[in-house]
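> sequence-free structure coming up:
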């Protein structure tokens, strides 16, 4: 398992949830196996890519049946951490933060957000789907007590660096950053950025090019 | 302008909003110029990369002063479409959809979501920051009447393909897809994916590797 984790490239890793999603849908429509070209067509990849990706994940197809859906789902679920839910704290209870707190779909994907934090007194004490908003001053104490390793930042850009420092001081090892800003962190801290303004920039720019 | 748009690579394009954000903060603290190495340190890039990125965007530094902040902000704002707001329709008024409807920050970044759509009768007619939720059946009619070119999909994965087809039929040219599914679209349709489950997979996997 360790070796597998180490050898999977990031592009492959980002595609695996798409395979998972597709196979789950096939299963729901009653299928038990699926061929490599079928997957390739659906996801607009080459068959070679599909075979390589699934092999990296530890799943191999069979000569006539192709991939057994249940087997591949199990392998992917294990690898993607869906079967081993981790707790997380979120900082920044604005619209995006509350949407993430409210969204229960992450639990299927191995992430459970168990509390939110903010410095705005109007937000503190509110509860969303059983998850309470605490004052940011309590982050360190609670994160250490509950041994929280994942922090989610949904503050505006100007506040994100300070929050990032608080998280690191509190023992957080992995940061899911939604603030549109680059975080300077020590090497051992994992940062995964979801930068909606960057994504929007690509969309707008391509659209303008296509219209001109 | 046309040539500039064509020559900017996607990695550069994704970094430009980070430059913009950083320069805006420098301006807010009273600075009027900033050196290339300063930008590079802040964003953890090389000076060569910074110079190349900004040059691609059409901004050049000056020997002694470095980059004049106002000049670069103007160039980036133009290039990223911040000064030319485009209207968009959103489909899928779940938590994420409502968060995006509610979020006013996109307008600064050139995107104005003017209405939402859903097929759930309980959601239809609700209004978020002045943006009403309409039945999905009215999408085509309204999109054509208002000449909408951007569609945002925030439905669950299973519903996204059907919504994508409706958008294309209605004249949408660019789709911002938040559903964790691959959309098969004609070549001329621009699709920009924000796949939170893929992002989460990378975060979880790296964290597991670092803990083992």
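Structure's in. What do you need? Bear in mind the structure is a predicted one, so any value in this text is a computation, not a measurement.

> alpha carbons only for contacts and neighbour counts from here, please
Will do.

> residue A:96: what's it in contact with?
Residue A:96 makes contacts with A:154, B:96, B:99-100, B:103, as judged by C-alpha atoms under 8 Å, 6 or more residues apart in numbering or on different chains.

> list the buried residues in stretch A:97-116.
A:97-103, A:106-107, A:109-116 (16 or more other C-alpha atoms under 10 Å in any protein chain shown).

> same deal with stretch A:130-142?
Under 16+ other C-alpha under 10 Å, the buried positions of stretch A:130-142 are A:131-136, A:139-140.

> and these, which of them are in strands?
Using DSSP state E, the subset of those located in strands is A:131-135.

> quick one: contacts of the helix or strand hosting residue A:54?
Using DSSP states H and E, residue A:54 falls within helix A:47-57. Helix A:47-57 is contacted from outside by A:4, A:7-8, A:12, A:16, A:36-37, A:39-40, A:60, A:75-76, A:79, using C-alpha under 8 Å, 6+ apart.

> first to last residue in stretch A:71-85, what's the distance?
One end of stretch A:71-85 to the other measures 20 Å (C-alpha to C-alpha, to the nearest Å).

> meant to ask about stretch A:77-93
OK, stretch A:77-93 end separation, C-alpha to C-alpha: 30 Å.

> which members of the ones in strands among the buried residues of stretch A:130-142 additionally contact chain B?
Among those, no residue lies close to chain B (C-alpha under 8 Å from any C-alpha of the partner chain).

> if you count neighbours, what's buried in the longest helix along chain A?
Counting by DSSP state H, the longest helix found in chain A is helix A:10-28. Under the neighbour-count criterion of 16+ other C-alpha under 10 Å, helix A:10-28 has A:12-24, A:27 buried.

> quick one, that helix and helix A:47-57 angle?
Going by axes from the mean of the first three to the mean of the last three C-alpha atoms, to 10 degrees, helix A:10-28 is angled at 90 degrees with respect to helix A:47-57.

> what's the spacing between residue A:65 and residue A:35?
7 Å.

> looking at the two, which one has more neighbours?
Legend: neighbour count by other C-alpha atoms under 10 Å in any protein chain shown for residue A:65 and residue A:35, higher for residue A:35 (17 against 12).

> where does pLDDT dip in chain A?
Flagging of chain A using pLDDT under 70 yields the residue ranges A:1-6, A:212.

> just the strands in it please.
For chain A, the strands defined by DSSP E cover A:33-34, A:67-68, A:86-91, A:111-118, A:127-128, A:131-135, A:150-153, A:174-177, A:190-193.
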